[in-house]
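Peer 1: Any chance you could fold what I've pasted below:
(one chain, ligands or ions: 1)
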Amino acid sequence: MGLLFLVIGVSLLLVLVRAASVTLWFYLWRPRRIKKAMERQGVTGPKPRFLIGNLYDMVSLVSDSTSRDMDSINHDIVSRLLPHYVLWSKQFGKRFMYWHGSEPRMCLTEVEMIKEFLSAKYSVATGKSWLQQQGSKHFMGRGLLMANGEEWLHQRHIIAPVFMVDKLKGNVGYMVERTRQMIETLEEAVRSGEAEVEIGEHLTKLTADIIAKTEFDSSYEKGKQIFNLLTSLQHLCAKSSRYLCFPGFRYFPSKYNRQIKLLKMEVEGLLIEIIESRKEGMEIGRAASYGNDLLGMLLSELEKKRAGFDLTLQWLMDECKTFFFTGHETTALLLTWTVMLLADSPSWQDKARAEVHQVCAGQPPSVDHLPKLTVLNMIINESLRLYPPATLLPRMALEDIKLGDLHIPKGLSIWIPVIAIHHSEELWGKDANEFKPERFGGKSFAPGRHFMPFAAGPRNCVGQSFALMEAKIILAMFISRFSFSISKNYRHAPVSVLTLKPKHGVQIILKPLPASQ
Ligand code: HEM
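Peer 2: Residues are numbered from 1 along each chain as shown. Below is the predicted model:
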């Protein structure tokens, strides 16, 4: 009996010693080692506090700068969204270190180095950090956006073909049909005396419906619950990830953690219904295959057994959550900001409308029309430059790497402040904060250097072509049916909550145009 207690006691002690040394390694020794390595190379930054690093300073600076709305529609928004970046880059230069809890991060704005960092050379050697993965674990799990290394590469190979331009052409009809329905709803609202609309709400619903139908053969109504639950999960996960800097928080049954688990179970229950109904279709012989949309492709992969890659039902659900979320929110934001910019710029609105009339000649946009809508393309690019839905691009070094003149140690996260690069006067000229779509008119413009709304390199946005096709169709149809201006109720207040959002929505006044225009 005594021997048994001794064995249990020693085992418990060993477990505790192991847990303590892992915690110390993770929260103390590794960050210190990284800090010293970077200091030796001349990269310093604000002094971190124990466990919370610079989190408190960041949160208080941002909540102060975004507590007020802006006085006018002004695109000079970097100091509002990233006040800590503005402060620290003045103090410490173009590259500096800061601490997100115990995670060391280096802010990098040198475009040549960014290009190298995002290139194929480092696509497997860099990835998402533990904090990011943990923060979104219940929200998106290890779907494509959060996977790393060979696991990421494998998923990317499976999914990329679904979003090739040729394959996407089949979606144009549905995009047109649903946009027409949105326009009819808006026309009806105007007829019944509501000329002012919050356009973001309509565009979010439309893009959600399009991704639900085209990639999951579901509908907005059916997927509505999934979208609502995912939005609540996103907010809860963002709030709770602030506490991840405290060791063991993720195991603590806090209010956030309990709510997150319940929501996750609910979302996954609904996804299983969609997955089962697709499988059933094939089992009872209604369909010859799982289909060639995203869900069909994922289900077919799940059946293939491949050495080294354990694809599970959980992986399938993580991938579904990833695409339900990434497949609509960012595109809705691109559209919402573009409508705001055009409502504030009647001359560009007129130019875009004239081009749509000339190219489409009263017909709905087709695959052949889209490349000819060059003015619209310039406007979309300028909107993505001024209001990139993803304001920051994070990547962690998963192994030691050499980047330009720097040796980046394993475990250091590199944060690329996309929005600051997009607004840099040094890179774009004195008029960097003005809405000037003509800057994208010249053939000399080289995307991917200082314009990266979809990131760059092999780990860029897999849905980029889908998003651009959808955005062009929706804007072309909307512009040709309405002229619109900013409502006096619009309050310009961009905020960054994972993505760049208008805090109070975008209120516009609609004026329907005759059908032939
Ligand atoms: C205007 C719309 C969009 C913008 C601005 C945008 C932006 C981005 C950015 C910046 C990344 C890199 C994120 C990172 O590595 O941290 C990314 C990745 C990704 N995006 Fe998009 N996106 C858009 C639309 C879409 C759409 C429509 C889909 C799906 C249909 C999608 C699916 C994804 C996925 C799955 C990834 C992860 C790719 C990987 O890691 O290999 N995105 N997006």
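Peer 1: The nearest residue to residue 436 once chain neighbours are set aside: neighbour count?
Peer 2: Closest residue to residue 436 apart from its sequence neighbours, by C-beta to C-beta, 6 or more residues apart in numbering: residue 382 at 6.6 Å. All C-beta spots, glycine's among them, are computed from the backbone N, C-alpha and C. For residue 382, the neighbour count with other C-beta atoms under 10 Å is 22.
Peer 1: can you give me the helices for the stretch 201-350 of the chain?
Peer 2: Taking DSSP state H, counting those that start in this stretch as the test, the helices found in the stretch 201-350 of the chain are 220-240, 255-283, 294-303, 313-326, 329-343, 346-360.
Peer 1: returning to that earlier point: quick check, the residue nearest to residue 436 in contact with residue 433.
Peer 2: No: using C-beta atoms under 8 Å, residue 382 makes no contact with residue 433, being 11.7 Å away.
Peer 1: so where's the stretch 401-517 of the chain uncertain?
Peer 2: 443-449, 516-517 (pLDDT under 70).
Peer 1: So which bits of it are right by the ligand?
Peer 2: 453-455, 459, 461-463, 466-467 (C-beta under 6 Å from any ligand atom).
Peer 1: quick one: residue 396 and residue 126 touch, right?
Peer 2: Yes: Residue 396 lies in contact with residue 126 (C-beta under 8 Å); the separation is 6.4 Å.
Peer 1: okay, and the common contacts of these two?
Peer 2: Common neighbours of residue 396 and residue 126, using C-beta atoms under 8 Å, 6 or more residues apart in numbering, are residue 414.
Peer 1: just to revisit the earlier point, dump the strand or helix carrying the residue nearest to residue 436 to CSV, keeping only the CA atoms.
Peer 2: With elements delineated by DSSP states H and E, residue 382 resides in helix 374-386, which encompasses its position. C-alpha atoms of helix 374-386 as CSV (Å, rounded to 0.1, in the frame of the first residue of the first chain):
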residue,chain,number,x,y,z
THR,A,374,-11.2,48.5,-65.7
VAL,A,375,-12.5,51.6,-63.9
LEU,A,376,-14.4,49.4,-61.5
ASN,A,377,-11.2,47.4,-61.0
MET,A,378,-9.3,50.6,-60.1
ILE,A,379,-12.0,51.6,-57.7
ILE,A,380,-11.9,48.2,-55.9
ASN,A,381,-8.2,48.3,-55.6
GLU,A,382,-8.2,51.8,-54.2
SER,A,383,-10.9,50.8,-51.7
LEU,A,384,-8.8,47.7,-50.7
ARG,A,385,-5.7,50.0,-50.3
LEU,A,386,-7.5,52.6,-48.1
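Peer 1: which residues touch it?
Peer 2: With contact meaning C-beta under 8 Å, 6+ apart, helix 374-386 is reached by 75, 77, 334, 337-338, 341-342, 348, 351-352, 355-356, 422-423, 428, 433, 435-441, 451, 453, 468, 471-472, 475-476, 479.
Peer 1: Now that helix: average pLDDT?
Peer 2: Averaged across helix 374-386, pLDDT comes to 97.
Peer 1: so where's the protein uncertain?
Peer 2: In the prediction, the chain carries residues with pLDDT under 70 at positions 1, 17, 19-27, 219-222, 242-253, 305-310, 443-449, 516-517.
Peer 1: Backbone dihedrals for the residue of it found nearest the ligand, both of them.
Peer 2: Scanning the chain for proximity to the ligand using C-beta to the nearest ligand atom identifies residue 463 as nearest, at 2.2 Å. In terms of degrees, to the nearest 10, the main-chain angles of residue 463 are phi -100, psi 10.
Peer 1: right, and it touches residue 327 too?
Peer 2: Yes: Residue 463 is within contact range of residue 327, at 6.1 Å (criterion: C-beta under 8 Å).
Peer 1: Ignoring the adjacent residues along the chain, who's closest to residue 425?
Peer 2: Nearest non-adjacent residue to residue 425 (C-beta to C-beta, 6+ apart): residue 432, at 4.7 Å.
Peer 1: three-state assignment of the one you found?
Peer 2: Using DSSP: H, G, I helix; E, B strand; the rest coil, the structure places residue 432 in coil.
Peer 1: of all the residues in this protein, which ones are close to the ligand?
Peer 2: 144-145, 156, 211, 322-323, 326-327, 330-331, 334, 389-390, 393-394, 453-455, 459, 461-463, 466-467.
Peer 1: What residues of stretch 365-373 count as buried?
Peer 2: 365, 367, 369-370, 373 (16 or more other C-beta atoms under 10 Å).
Peer 1: Closest to residue 139 out of these?
Peer 2: Nearest to residue 139, judged by C-beta to C-beta, of the buried residues of stretch 365-373 is residue 370 at 32.7 Å.
Peer 1: Name all residues that make contact with that closest one.
Peer 2: Counting by C-beta under 8 Å, 6+ apart, residue 370 has contacts 469, 472-473.
Peer 1: One more: residue 195?
Peer 2: Counted by C-beta under 8 Å, 6+ apart, residue 195 has contacts 509-511.
Peer 1: repeat that with 6 Å
Peer 2: 509-510 (C-beta atoms under 6 Å, 6 or more residues apart in numbering).
Peer 1: now the one 5 residues further on
Peer 2: If you count contacts by C-beta under 6 Å, 6+ apart, residue 200 has them with 336, 505-506.
Peer 1: hmm, 8 Å instead?
Peer 2: For residue 200, the contact set (C-beta under 8 Å, 6+ apart) comprises 332-333, 336, 502, 505-506.
Peer 1: Which of those sits closest to residue 41?
Peer 2: Set against residue 41, the nearest of these by C-beta to C-beta is residue 333 (37.0 Å).
Peer 1: With adjacent residues omitted, what lies nearest to that closest one?
Peer 2: Nearest to residue 333 is residue 389, by C-beta to C-beta, 6+ apart, at 4.2 Å.
Peer 1: so the one you found, which of the three states?
Peer 2: Per three-state DSSP, residue 389 ends up coil.
Peer 1: Pull up the gap between it and residue 214, please.
Peer 2: 20 Å (C-beta to C-beta, to the nearest Å).
Peer 1: swap in residue 120?
Peer 2: 29 Å.
Peer 1: Those two: who's more crowded?
Peer 2: Per other C-beta under 10 Å, whichever of residue 120 and residue 214 has more neighbours is residue 214, with 21 against 9.
Peer 1: mind listing what residue 332 touches?
Peer 2: Per C-beta under 8 Å, 6+ apart, neighbours of residue 332: 200, 203-204, 206-208.
Peer 1: cool, and residue 261?
Peer 2: residue 138.
Peer 1: Tell me which stretches of the stretch 401-517 of the chain form helices.
Peer 2: According to DSSP H, counting those that start in this stretch, the helices that the stretch 401-517 of the chain contains are 418-422, 425-428, 464-481.
Peer 1: Can I get the ones you listed in CSV including distance to residue 293 and mean neighbour count?
Peer 2: Converted to CSV, these look like this (distance: least, C-beta to C-beta, whole Å; neighbours: other C-beta atoms under 10 Å):
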stretch, distance to residue 293, mean neighbour count
helix 418-422, 30, 23
helix 425-428, 39, 13
helix 464-481, 12, 22
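Peer 1: Export these to CSV and append columns for distance to residue 284.
Peer 2: Converted to CSV, the helices of the stretch 401-517 of the chain look like this (distance: least, C-beta to C-beta, whole Å):
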stretch, distance to residue 284
helix 418-422, 48
helix 425-428, 58
helix 464-481, 31
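Peer 1: between these, which one is nearest to residue 275?
Peer 2: Among those, helix 464-481 sits nearest to residue 275 (C-beta to C-beta), with 21.4 Å.
Peer 1: tell me what the closest one is packed against?
Peer 2: Secondary-structure packing of helix 464-481 (3 or more C-beta pairs under 8 Å, 6 or more residues apart in numbering; DSSP states H and E): helix 165-168, helix 172-191, helix 199-216, helix 329-343, helix 346-360, helix 374-386.
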